[in-house]
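Asker: Could you work out the structure for the sequence below:
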Amino acid sequence: MINVEVSNEIYTYEDGTTIYEIAEKFQKNYGNDIILAVCNDKLCELSTVLTENSKIRFITTAEHIGNECYRRSVIFMLLKAFYKIADRKNFDKISIQYSVSNGCYCKVCGGMSVDRKFLQQLKAEMDYLVKRDILITKETLSKRKAITKFKHYGMTDKVNLLKYRRSSSVKVYKMEEFEEYFYGYMAYSTGVLKYYELIPYDEGFVLQMPTKDSPQSVPAFLPQNKVVNVLKNSTGWAEMLGVSTIGQVNDKITEGTINNIMMVQEALQEKKIADIASDITAKDGVKFIMIAGPSSSGKTSFAHRLSIQLMAQGMKPHLISTDNYFVNRENTPIDDEGKLDYEMLEAVDVELFNRQMTELMEGKKVELPEFNFVLGKREFCGNYMKLEKDDILVIEGIHCLNDALTYSLPKEKKYRIYVSALTPLNVDEHNRIATSDIRLLRRIVRDTRTRGTSAEHTIEMWKRVRRGEQKNIFPFQESADAVFNSAMVYELSVLKIFAEPALFSVSEGTDEYFEANRLLKFLDYILALPKENIPSNSILSEFVGGSVFPV
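Answerer: Next up is the predicted model:
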């Protein structure tokens, strides 16, 4: 017999009991489904067998880790159902690509048509798998055997990924006879995977799934089409150059051709910035360029590069950060956890900002503020500005797409740009990379290097940053006149060198440790790349160092 501590109470179970058997007895105490557990400070699947005294904390689908596990498991179930009902002769592969609305865009390659009738059949098969409550099991294979197996299945992206895996063994998940390799833990069985929808979209369909904030319902399908079009173009570019998966990027590194990819991508970004500058100058009367985007998207570097392109076209840009309009620290709003919330619009002196921008628009001379982050106060230090005929303001801040920030400025005087790191890169054909993971790694690297902030602290605050983005940035992204993608397919290989030491420093037994460990396992797929060949004006230089701009 073994003792198991749950919620500060000790219970006795037979040696060999699974966590799932214990979770069944405690499920009534939780409002949402238990899907994973923390056992003796280690994240575990519910199929884990207990052989010693243990302390358990259950994780539900209402938590970030639990929601990610749920979504991954639904994708697994989708793939089993798809391969069951689709004629293998009619398609090459099904690819799980970028995020759309609160789901994943799925594309079937090889000429097969995906219509509403097919999606109804696919949904019916998935519903049947849920009803049958099939166990999701895991088998450990040698790397060689796993590669042979997936080569037989025609999953070439997975074969290429595993080729670079250093571990000699591979854990393969099974749902009856269907086998797959997934990056991350799975649910115990299909019975818990009750909430999802299949929605026709573009050339494929979207698998829409619950969020952690609403784990028992599927949110309305609200695609952000401007952002999706940028992702689609970026994905097409990556596929054309053969760098749409981690394995393919690793190939370019080992072949010695990655520098060509780097130069092409940097050139494409510079062309896009030049195109945006041309669009701005073609619009008569624009005086305020408003740049917004989520954390670590490279907004500052983008603003500097855009300014250079504007100067090349005869304009005189002046950079302004809305951070300088923060209210004094004692007036900063407080979030639900009692911490200062700089993400809220109320953290900005909107009245002062509008008054000064209006005065500048009217040709008046204005003394601009500077926010002293050490003292937590706004100061005026003699920074005067007056706009002349060819002068234009390049304003950067998280609320810049929100009309509430610029309520007094005429619409025709504003040009709005949304910047984000919308990666076209996938782990393989069935494992996508969240754009938020790219941004988190960027922020960990930058904050460790420039601010002395630990990775543990950055991860701890990331959930509040993400909450602020959901409220203050993402709802306004479709109002942008232009969308700029700052992601680069090669950047993970550069970030890896800087991120791994920071992530290894995160203390065991903390929630941040589970996230750090997940990111370390993810980076293990990636070959490292030195930063020496990165241009000094690259957006990536803002994070790894060496930028020519004051970032």
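
Asker: Nearest residue to the middle of the protein?
Answerer: Ser436 (1.9 Å; Cα atoms, centre = their mean).

Asker: Identify the residues contacting that residue.
Answerer: Pro294, Arg466 (Cβ atoms under 8 Å, 6 or more residues apart in numbering). Placement of C-beta: from N, CA and C, glycine included.

Asker: Name the next helix or strand downstream of the helix or strand containing it, please.
Answerer: Ser436 belongs to helix 435-450 when assigned by DSSP states H and E. Next helix or strand after helix 435-450 toward the C-terminus (DSSP H and E): helix 455-472.

Asker: now that next one and helix 435-450, what's the angle there?
Answerer: With axes from the mean of the first three to the mean of the last three Cα atoms, to 10 degrees applied, the angle from helix 455-472 to helix 435-450 works out at 130 degrees.

Asker: Can you give me the buried ones in helix 455-472?
Answerer: 455-459, 461-462, 464-466, 468-469, 472 (16 or more other Cβ atoms under 10 Å).

Asker: what helices or strands is the helix or strand harbouring Ile280 leaning on?
Answerer: If you go by DSSP H and E, Ile280 is part of helix 258-282. Helices and strands touching helix 258-282, by 3 or more Cβ pairs under 8 Å, 6 or more residues apart in numbering; DSSP states H and E, are helix 225-241, helix 246-255, helix 299-312, strand 414-420, strand 482-485.

Asker: who wins for proximity to Val551 among the ones you listed?
Answerer: Closest approach to Val551 among the helices and strands packed on helix 258-282 (Cβ to Cβ): helix 299-312, 4.8 Å.

Asker: could you pull out the strands for the stretch 51-200 of the chain?
Answerer: 54-60, 93-100, 103-109, 136-142, 169-175, 178-180, 197-201 (DSSP state E, counting those that start in this stretch).

Asker: what's in contact with the third one?
Answerer: So that's strand 103-109. 71, 75, 78, 86, 91-99, 114, 197, 199, 201-209, 221, 228, 432.

Asker: Which strands border it, and is each parallel or antiparallel?
Answerer: Strand pairing for strand 103-109, using DSSP bridges, gives strand 93-100 (antiparallel), strand 204-208 (antiparallel).

Asker: Kindly report the same for the first one.
Answerer: Sheet pairing here is set by DSSP bridges, and for strand 54-60 it gives strand 2-6 (parallel), strand 34-39 (antiparallel).

Asker: And the pLDDT at Met112?
Answerer: We have a pLDDT of 85 for Met112.

Asker: show me where the stretch 1-150 of the chain has helices.
Answerer: With helices called from DSSP state H, counting those that start in this stretch, the stretch 1-150 of the chain shows them at 19-26, 64-85, 116-132, 143-152.

Asker: do you know which of the ones you listed lies nearest Lys272?
Answerer: helix 64-85 (30.8 Å).

Asker: tell me the mean pLDDT for that closest one?
Answerer: Helix 64-85 comes out at a mean pLDDT of 97.

Asker: Only alpha carbons, please: show that helix as CSV.
Answerer: Taking Å, rounded to 0.1, in the frame of the first residue of the first chain, the C-alpha atoms of helix 64-85 are listed here in CSV:
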residue,chain,number,x,y,z
HIS,A,64,-3.2,26.8,-19.5
ILE,A,65,-1.3,23.4,-19.4
GLY,A,66,-4.5,21.5,-19.3
ASN,A,67,-6.1,23.4,-22.2
GLU,A,68,-3.0,22.8,-24.3
CYS,A,69,-3.2,19.1,-23.5
TYR,A,70,-6.9,19.1,-24.4
ARG,A,71,-6.2,20.8,-27.8
ARG,A,72,-3.3,18.5,-28.6
SER,A,73,-5.5,15.4,-27.8
VAL,A,74,-8.4,16.7,-30.0
ILE,A,75,-5.9,17.1,-32.9
PHE,A,76,-4.8,13.5,-32.4
MET,A,77,-8.5,12.4,-32.4
LEU,A,78,-9.1,14.5,-35.6
LEU,A,79,-6.2,12.8,-37.4
LYS,A,80,-7.4,9.3,-36.5
ALA,A,81,-10.8,10.1,-37.8
PHE,A,82,-9.5,11.8,-40.9
TYR,A,83,-7.3,8.8,-41.9
LYS,A,84,-10.2,6.5,-41.2
ILE,A,85,-12.7,8.1,-43.6
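
Asker: check contacts around the closest residue in space to Leu425 that isn't next to it in sequence.
Answerer: Once flanking residues are discounted, Leu425 sits nearest to Val489: 5.1 Å by Cβ to Cβ, 6 or more residues apart in numbering. Counting by Cβ under 8 Å, 6+ apart, Val489 touches Ala238, Val243, Ser244, Val249, Ile261, Gln265, Thr423, Pro424, Leu425.

Asker: and Val489, that's in a helix?
Answerer: No - under DSSP: H, G, I helix; E, B strand; the rest coil, Val489 sits outside any helix and is assigned coil.

Asker: Quick check, pLDDT for it.
Answerer: In this model, Val489 carries a pLDDT of 95.

Asker: Ser295 versus that one, what's the distance?
Answerer: 21 Å (Cβ to Cβ, to the nearest Å).

Asker: quick check: angle from the helix holding Ser436 to helix 225-241?
Answerer: Using the same axes, to 10 degrees: helix 435-450 against helix 225-241 is 80 degrees.

Asker: Buried by neighbour count: which residues of helix 435-450 qualify?
Answerer: Across helix 435-450, burial judged by 16+ other Cβ under 10 Å covers 435-448.

Asker: Then stretch 92-103?
Answerer: So, applying 16+ other Cβ under 10 Å, buried residues of stretch 92-103: Ile94, Ser95, Ile96, Gln97, Tyr98, Ser99, Val100, Ser101, Asn102, Gly103.

Asker: do you know which of the helices of the stretch 1-150 of the chain lies nearest Leu375?
Answerer: The nearest among the helices of the stretch 1-150 of the chain, by Cβ to Cβ, is helix 64-85 at 34.9 Å.

Asker: What helices and strands are in contact with that closest one?
Answerer: Where contact means 3+ Cβ pairs under 8 Å, 6+ apart, helix 64-85 is packed against strand 34-39, strand 54-60, strand 93-100, strand 103-109, helix 116-132, strand 169-175, strand 178-180, strand 204-208.

Asker: so of the strands paired with strand 54-60, which one's packed in deepest?
Answerer: The highest average neighbour count among these, using mean count of other Cβ atoms under 10 Å, belongs to strand 34-39 at a mean of 23.

Asker: quick check: mean pLDDT across it?
Answerer: 97.

Asker: circling back: so what's the backbone phi/psi at the residue nearest to Leu425?
Answerer: phi -70, psi -20 (degrees, to the nearest 10).

Asker: That one and Lys252: what is the separation?
Answerer: From Val489 over to Lys252 (counting by Cβ to Cβ), the distance is 9 Å.

Asker: Over to Ser214?
Answerer: Distance, Ser214 to Lys252, using Cβ to Cβ: 41 Å.

Asker: Name the SS class of Asp336, please.
Answerer: Under three-state DSSP, Asp336 comes out as coil.

Asker: Pretty sure Asp323 sits in a helix.
Answerer: Yes - assessed with three-state DSSP, Asp323 lies in a helix.

Asker: Pretty sure it sits against Ile395.
Answerer: No - counting by Cβ atoms under 8 Å, Asp323 stays clear of Ile395, with 10.8 Å between them.
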